[in-house]
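[1] Starting from these lines, generate the structure:
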Amino acid sequence: MRRQIAAMVCTSAALLLTACTGSTSTPGSSPAPSSASTAAALPTATSASPPDSAAGLGDTYFPADGNPGYDAAHYDVAVTVAPDFAHIVGTCTMSATARSTLSSFHLDLNALTVRAILVDGKPATFTREGSELVVTPAAVIARGARFTTRVSYDGAPTKLPAPDLDNGWYHDAERATVLGEPQGASTWFPVNEHPSDKATYDVTATVPTGKTAISNGLPVGDPVTSGTTTTWHWRSVHPMASYLVLLAVGDYAVTRSTSSTGIPIINAVDPAAVKNAAPVLAQQSAILDFLAHDFGPYPFEAAGAVIAQGLPQVALETQTRSLYTADFFGPNSDGASILVHETAHQWFGDSVSLSRWSDIWLNEGFATYAESLWQEHEGTLDPRTLIPDALASPPADEPLWQTDVSDPGVENLFGQSVYVRGGLVLEALREVVGDAAFFTTLKRWAAEHRDANGSTAAFVALAQKVSTRDLTEVFDTWLFGSGKPDGWDPAAVRARHPLGSAPQA
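    Take a look at the predicted model:
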């Protein structure tokens, strides 16, 4: 994600000073990599511990989100958007596998009115507990059984307060757009809302004729017009975290092209933004090629962009087709860096998703560093200047140094330290292990966790395995805990931790 207050690319001390502002978290110690690698996983339901009493998956940032009792495999979401763009009528069919014996289970759903629920085709009873929809099927679902849940609902989708920017359903008289991160999916369909439970999606949107509905993946057939409405159907074949599900309805100029490696590129641009966006979007294939060289093959079936109006200035890495507000592409904006940031998320954040929200630096630090790699490629930046500039500029009491990047807290989920210092973690790693081991680590991370989830502990372990060095000092200095480092000498770190010093797994 990229926001107006998050000017991410730190090419000078002055930019660091202006970028790294915001709220601070309480300083404190954080575990070293060795203890981080043994961090407890999110709670797992068992047959002896039914999820009826477990409203959430146990993520400390959003404790009520998700449910441990089942594993969602696919969602078929169909919504009709009213002409006022403020109301919807929908059905959502979730296919899932029970991870424990289920006498009841939870879905996340905010505000909307539920009309009926069918579990395996039979009527189920349900209650509402705030944002929790508690479903009791007609018969107990056995552990390991596959089942479907169909929810019929309607109402006015809402926005939810979130760190830095409300998320959920944004609309005006001409359009509607969803901002999903971190909890916006549940404002427009019922879902197991946590990135650790990824699923494939079909999204069908029936909208006023003359409007375009854009979602993830590739279209299924052509849009179908009947009277005053047109129905658009999109399908994503790779598992996706729910906050990455896209819906944008409005006036869009849609273009289709193909990258140099055959990836379909579908762009949907608000007509008022076409002129400013065109020079940046013309670089999409080159950016995909560049990032694939450093990160490995592009992980999805399609790429592209949605450039919208009617939102706060934000860019969000919605899977296969990132969402941008039009003002990122004005004459004085660095649209290419923003495009690189969100495209890099397709590898880091989308294909390799978070295991828990405290691992957010694995998304934002990686995407921020991708901007530096692009600038290096363009000849406008030497990334080796990033750390000296950072150490020379913001004083120790600035937010950049006062947040534990490995566990920033929900109030700093999208704070500058996650982006900027998260990127510095990768530069420090690169300086110690060298380019060959560094880029091998990034490619293996993307390949070994493709369509799945990763954690900070797993990344630390992989980096040590690839480099064969003990990297505790690197990660303790830049990732774990808070406080401004007292200088940085990668050559000295290499001397203290030579090849072959990595801890044995």
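
[2] C-alpha only now, for contacts and for neighbours.
    Fine.

[3] Now that residue 257 has come up, it's in contact with residue 268, right?
    No: the pair residue 257 / residue 268 is not scored as a contact, 11.9 Å apart, by C-alpha atoms under 8 Å.

[4] So these two - more neighbours on which side?
    residue 268 (24 against 14; other C-alpha atoms under 10 Å).

[5] Is that one part of a helix or strand, or is it coil?
    Under DSSP: H, G, I helix; E, B strand; the rest coil, residue 268 falls in the strand class.

[6] so it bridges to which residues?
    residue 254, residue 306 (DSSP bridges).

[7] same thing with residue 219?
    Beta-bridge partners of residue 219, as defined by DSSP bridges: residue 234.

[8] quick one: it from residue 381, how far?
    39 Å (C-alpha to C-alpha, to the nearest Å).

[9] now the residue nearest to residue 228 when sequence neighbours are not counted: how far from residue 64?
    Leaving aside its chain neighbours, residue 228 sits nearest to residue 209 (5.4 Å; criterion: C-alpha to C-alpha, 6 or more residues apart in numbering). With distances taken as C-alpha to C-alpha, residue 209 is found 38 Å from residue 64.

[10] the more surrounded of these two?
    More crowded of residue 209 and residue 64, by other C-alpha under 10 Å: residue 64, with 19 against 15.

[11] correct me, but that one touches residue 109?
    No: look at residue 64 against residue 109 with C-alpha under 8 Å: they stay out of range, at 11.4 Å.

[12] my read is residue 385 is in a helix, agree?
    Yes: Residue 385: assigned to a helix according to three-state DSSP.

[13] what separates it from residue 392, distance-wise?
    11 Å.

[14] What mean pLDDT does the biggest helix by length in the chain get?
    In terms of residue count, the longest helix belonging to the chain (DSSP state H) is helix 422-448. Helix 422-448 comes out with an average pLDDT of 98.

[15] which residues sit against the helix or strand following it?
    Downstream of helix 422-448, the first helix or strand assigned by DSSP states H and E is strand 452-454. The contact list for strand 452-454, computed with C-alpha atoms under 8 Å, 6 or more residues apart in numbering, reads 196, 198, 239, 351, 352, 353, 354, 355.

[16] switch the cut-off to 6 Å
    352, 353, 354, 355 (C-alpha atoms under 6 Å, 6 or more residues apart in numbering).

[17] count of neighbours near the first one?
    Read it as residue 352. By other C-alpha under 10 Å, 26 other residues sit near residue 352.

[18] list the contacts for it?
    449, 450, 452, 453.

[19] Try it again at 10 Å.
    240-241, 299, 345-346, 362-363, 445-455 (C-alpha atoms under 10 Å, 6 or more residues apart in numbering).

[20] hmm, back to that, what's the distance between the residue nearest to residue 228 and residue 273?
    Counting by C-alpha to C-alpha, the gap from residue 209 to residue 273 is 22 Å.

[21] Also residue 411?
    Distance of residue 411 to residue 273, given as C-alpha to C-alpha: 33 Å.

[22] which one of these two has more residues nearby?
    For residue 411 versus residue 273, the count of surrounding residues by other C-alpha under 10 Å is larger for residue 273: 20 against 14.

[23] Surely that one is in a helix?
    Yes: counting by three-state DSSP, residue 273 falls inside a helix.

[24] burial measure for the closest residue to it other than its chain neighbours, as a count.
    For residue 273, ignoring the flanking residues on the chain, the nearest one in space by C-alpha to C-alpha, 6+ apart is residue 326 at 5.8 Å. Using other C-alpha under 10 Å, residue 326 is surrounded by 26 other residues.

[25] contacting residues around residue 326?
    269-274, 276-277, 306-315, 335.

[26] intersection of neighbour lists for residue 257 and residue 268?
    With C-alpha under 10 Å, 6+ apart as the test, residue 257 and residue 268 both reach residue 304.

[27] which stretches of the stretch 1-150 of the chain form helices?
    For the stretch 1-150 of the chain, helices defined by DSSP state H, counting those that start in this stretch occupy the ranges 13-19, 33-36.

[28] got it, and the stretch 151-300 of the chain?
    Applying DSSP H, counting those that start in this stretch to the stretch 151-300 of the chain gives helices spanning 274-281, 284-295.

[29] Let me know the angle separating the first one from helix 284-295.
    Here the directions of helix 274-281 and helix 284-295 differ by 30 degrees (axes from the mean of the first three to the mean of the last three C-alpha atoms, to 10 degrees).

[30] buried set for helix 274-281?
    Of all the residues in helix 274-281, those buried under the rule 16 or more other C-alpha atoms under 10 Å are 274, 276, 277, 280, 281.

[31] Kindly export it (C-alpha atoms) in PDB.
    Extracted in PDB, the C-alpha atoms of helix 274-281 (Å, rounded to 0.1, in the frame of the first residue of the first chain):
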ATOM      1  CA  VAL A 274      -5.900   8.900 -19.100                       C
ATOM      2  CA  LYS A 275      -3.600  11.600 -20.400                       C
ATOM      3  CA  ASN A 276      -1.500  11.800 -17.200                       C
ATOM      4  CA  ALA A 277      -1.400   8.000 -16.600                       C
ATOM      5  CA  ALA A 278      -0.500   6.900 -20.100                       C
ATOM      6  CA  PRO A 279       3.300   7.600 -19.900                       C
ATOM      7  CA  VAL A 280       3.600   5.700 -16.700                       C
ATOM      8  CA  LEU A 281       1.400   2.800 -17.800                       C
END
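
[32] can you give me how far it is from the chain middle?
    Its chain's C-alpha centre and that of helix 274-281 lie 25 Å apart, by C-alpha atoms, centre = their mean, to the nearest Å.

[33] What of stretch 309-321?
    11 Å.

[34] Now do the end-to-end distance for that stretch.
    Using C-alpha to C-alpha, first and last residues of stretch 309-321 are 16 Å apart.

[35] Let the chain start at 18 from now.
    All set: I'll call the first residue 18, so the last point we hit is now stretch 326-338.

[36] tell me the mean pLDDT for that stretch?
    What stretch 326-338 shows for mean pLDDT is 96.

[37] and that stretch, which residues are buried?
    326, 328, 330, 331, 332, 333, 334, 335, 336, 337, 338.

[38] Backbone dihedrals for the third one, both of them.
    Residue 330 adopts backbone torsions of phi -70, psi 110, taken as degrees, to the nearest 10.

[39] Any figure for the gap between it and residue 268?
    Residue 330 is 18 Å from residue 268, by C-alpha to C-alpha.

[40] Go ahead and measure how far the one helix or strand residue 393 maps to is from the middle of the chain.
    Here residue 393 sits within helix 378-395, counting by DSSP H and E. Distance of helix 378-395 from its chain centroid, counting by C-alpha atoms, centre = their mean, is 15 Å.

[41] Same check on stretch 515-522?
    With C-alpha atoms, centre = their mean, you get 32 Å for stretch 515-522.

[42] Contacts for it, please.
    Contacts of stretch 515-522 (C-alpha under 10 Å, 6+ apart): 51, 449-450, 478, 480-489.

[43] go again using 7 Å as the cut-off
    With contacts defined as C-alpha atoms under 7 Å, 6 or more residues apart in numbering, stretch 515-522 is touched by 481, 482, 485, 486, 487.

[44] Redo these as TSV? Include pLDDT and distance to residue 132.
    Listed next are the contacts of stretch 515-522 as TSV, based on pLDDT from 0 to 100; distance: C-alpha to C-alpha, whole Å:
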residue	pLDDT	distance to residue 132
481	98	53
482	98	53
485	98	58
486	98	58
487	98	57
